[in-house]
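Novice: whatever this is, show me its structure:
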Amino acid sequence: MPEREEKTGNNSDLGMYLHVPFCSTTCDFCAFYQERPSKKGFDLFFNGLEKEVERFPANHSFSTVFIGGGTPGLLKVDQIKRLGDIINSQDLQEDAECSMEVAPSEITSKKLEAISEIGINRISLGVQTFDSGLMSELGRMHEVSKAVDAFQMIREIGFRSVNLDLIFGAPGQTLEQWENDMIRAIELQPDHLSTYCLTFEEDTALYVKMAKGKIPLDSEKEASFYEKAWDFLPRHGYKQYEISNFAKPGFACRHNLNTWRMNEWLGYGPSACSQYQGVRRKNLSNLEHWSTQLNDNLEIEYQEYQNLSKFELARDAVLFGLRLNEGVDLKILAKNFSLPLTAFDPVASFFLNLGKEGLCESKKGKVSLTPKGRILADAVAKDLPELSSVLIREKSTPEKQQAFG
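Specialist: As a prediction, the model looks like this:
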């Protein structure tokens, strides 16, 4: 297969996210909004979704689509086609990346054919682990063989790109088990791998166990899991491009890159988030209330709503850009967000201090975290200063210019 050209985010990129909230079971680690499947629930969802897309159209074409959940793969064939009609009623770029999350236990060849027919060209398969004991710990409801069979079905349909989700840091998991999971994953030769550290979110079964002292937290062990993946996967053809994501050349997830670079996206469905025209908002995490206000043409109520200045957007672009191996170029960010370079002086000084601690480095104008810095990425993000809103005309000092490379 010829190597695909890597597409990266830019300010003209626009993403679409659709949240399908239905799950037949709740995994012990999951904190995403979800509902049990029911006829009433599906009616509320699809009727509301059709109204929402009609009421909040985009001002230009979508470059990416991502269908998440929940478990979108549990939709029936006719429901998948209805979802496709909603998506394709919008203006999609000809080469749009269209992704859908699926769970091994919900997939059939007929569903996959329907998913392909509506234009989905990228599948993200939630394997989580190939270890049956760990799978039970995580509350997953499929056998290991089911995950392998699901992957083979996906490949047979011929989707352009396939991602596997893996989780590490499960209770009792060893480094040997984590390496075995990665070995099993690369034996299947997916195009992309997402490796997530298990987090203990409130309102999950694992959080309750942790709060009761049944699950110990070990930050040093957690760091060793990260480092194992960062060493192992690139040696087997999967280049790390973000702290938790690895891909073969040309298969980095364009939708996620768009988000990390603080470009725009529109979220549809209950609990879906949007960042659009200077506003970041989150829909109500209540299927009935979300749907009712749309179907009754009421004023829309949001769970979260924030007007964003270009200073706030640019700072977030730095914060999330540091998660990317390519790092951030403050001169480019200043241009993209129409800000003077002096606005980034506090960030440049912060980078200088990080560099002295061995947490970041500058190459060809881009500042990126070192492996040591990536381990501490959350702490770095917490300490990242605000941009300066004092628009002075004087140039940055030579010392600060060093931070820009």
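Novice: for the stretch 301-405 of the chain, which spans come out with low pLDDT?
Specialist: 390-405 (pLDDT under 70).
Novice: what of the stretch 151-300 of the chain?
Specialist: Ranges of the stretch 151-300 of the chain meeting pLDDT under 70: 200-220.
Novice: over to the residue positioned nearest the centre of the chain: give its phi and psi.
Specialist: In the chain, the centroid-proximal residue (Cα atoms, centre = their mean) is Asn256; its distance is 5.1 Å. Dihedral angles of Asn256 (phi, psi; degrees, to the nearest 10) stand at phi -70, psi -40.
Novice: isn't it right next to Tyr241, touching?
Specialist: No: if you go by Cβ atoms under 8 Å, Asn256 and Tyr241 don't touch, sitting 9.5 Å apart. (Each C-beta comes from the backbone N, C-alpha and C, glycine too.)
Novice: that older thread, residues contacting the residue nearest to the centre of the chain?
Specialist: Asn256 makes contact with 242, 245, according to Cβ atoms under 8 Å, 6 or more residues apart in numbering.
Novice: measure it to Leu324 for me?
Specialist: 10 Å (Cβ to Cβ, to the nearest Å).
Novice: what is in contact with those two at once?
Specialist: What both Asn256 and Leu324 touch, as defined by Cβ under 8 Å, 6+ apart, is the set Glu242.
Novice: pLDDT of the top strand by length along the chain, averaged?
Specialist: Longest strand in the chain, counting residues (DSSP state E): strand 92-102. In this model, strand 92-102 has a mean pLDDT of 97.
Novice: list the buried residues in that strand.
Specialist: For strand 92-102, a neighbour-count test (16 or more other Cβ atoms under 10 Å) marks 92, 96-102 as buried.
Novice: of those, closest to Cys197?
Specialist: The shortest gap between Cys197 and any of those belongs to Glu101, at 18.6 Å (Cβ to Cβ).
Novice: contacting residues for that closest one?
Specialist: 67-69, 71-73, 124, 126.
Novice: can you give me the helices in the stretch 1-150 of the chain?
Specialist: 39-55, 77-88, 109-117, 132-137, 144-157 (DSSP state H, counting those that start in this stretch).
Novice: Glu222 is nearest to which of those helices?
Specialist: Nearest to Glu222, of the helices of the stretch 1-150 of the chain and by Cβ to Cβ, is helix 132-137 at 15.4 Å.
Novice: could you give the mean pLDDT of that closest one?
Specialist: On average, helix 132-137 scores 75.
Novice: re earlier: make a markdown table from the buried residues of strand 92-102 and add distance to Glu143 to it.
Specialist: Formatted as a markdown table, the buried residues of strand 92-102 follow (distance: Cβ to Cβ, whole Å):
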| residue | distance to Glu143 |
| --- | --- |
| Leu92 | 36 |
| Ala96 | 34 |
| Glu97 | 31 |
| Cys98 | 29 |
| Ser99 | 25 |
| Met100 | 22 |
| Glu101 | 19 |
| Val102 | 16 |
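Novice: which one of the residues you listed is nearest Lys81?
Specialist: Met100 (13.3 Å).
Novice: ok, that closest one to Arg160 distance?
Specialist: Distance from Met100 to Arg160, by Cβ to Cβ: 12 Å.
Novice: Ile167 too?
Specialist: 25 Å.
Novice: go on, Ile375?
Specialist: 33 Å.
Novice: again with Asp85
Specialist: Asp85 is 21 Å from Arg160, by Cβ to Cβ.
Novice: coming back round to it: which of Ile375 and Arg160 has more neighbours?
Specialist: Between Ile375 and Arg160, counted using other Cβ atoms under 10 Å, the more crowded position is Ile375 (21 against 14).
Novice: for the more buried one, which non-adjacent residue is closest in space?
Specialist: Ala223 (5.0 Å; Cβ to Cβ, 6 or more residues apart in numbering).
Novice: ok so the one you found is a helix residue?
Specialist: Yes: under DSSP: H, G, I helix; E, B strand; the rest coil, Ala223 falls within a helix.
Novice: pretty sure it is touching Leu376, no?
Specialist: No: assessed by Cβ under 8 Å, Ala223 is found out of contact with Leu376, at 9.1 Å.
Novice: which residues are common contacts for those two?
Specialist: With Cβ under 8 Å, 6+ apart, Ala223 and Leu376 have no common neighbours.
Novice: which residues touch the helix or strand containing Lys372?
Specialist: Taking DSSP states H and E as the definition, one finds Lys372 inside helix 371-375. Residues from elsewhere that reach helix 371-375, judged by Cβ under 8 Å, 6+ apart: 223, 226-227, 230, 243, 322, 354, 358-360, 380.
Novice: can you do 6 Å?
Specialist: 223, 243, 358-360 (Cβ atoms under 6 Å, 6 or more residues apart in numbering).
Novice: what subset of those is buried?
Specialist: Neighbour-count burial (16+ other Cβ under 10 Å) is assigned, among the contacts of helix 371-375, to 243, 359-360.
Novice: tell me the one of those nearest Ala334?
Specialist: Cys360 (18.4 Å).
Novice: bridged to the closest one, which residues?
Specialist: Counting by DSSP bridges, Cys360 forms beta bridges with Leu369.
Novice: count of residues packed around Gly41?
Specialist: Neighbours of Gly41 (other Cβ under 10 Å): 16.
Novice: my read: Gly126 touches Ala103, true?
Specialist: Yes: taking contacts as Cβ atoms under 6 Å, Gly126 lies within contact range of Ala103: 5.0 Å.
Novice: higher neighbour count, the two?
Specialist: Taking neighbours as other Cβ under 10 Å, Gly126 and Ala103 compare with Ala103 leading, 27 against 24.
Novice: what's near enough to touch that one?
Specialist: 71, 73, 126.
Novice: isn't the second one right up against Val102?
Specialist: Yes: in terms of Cβ under 6 Å, Gly73 counts as a neighbour of Val102; the distance is 3.5 Å.
Novice: which residues of the stretch 1-150 of the chain score low on pLDDT?
Specialist: Within the stretch 1-150 of the chain, the segments meeting pLDDT under 70 span 1-11, 25-33, 136-142.
Novice: strands along this structure, start to end?
Specialist: 14-20, 62-69, 92-102, 122-128, 161-168, 192-197, 239-242, 245-247, 264-268, 273-276, 279-283, 302-307, 360-363, 366-369.
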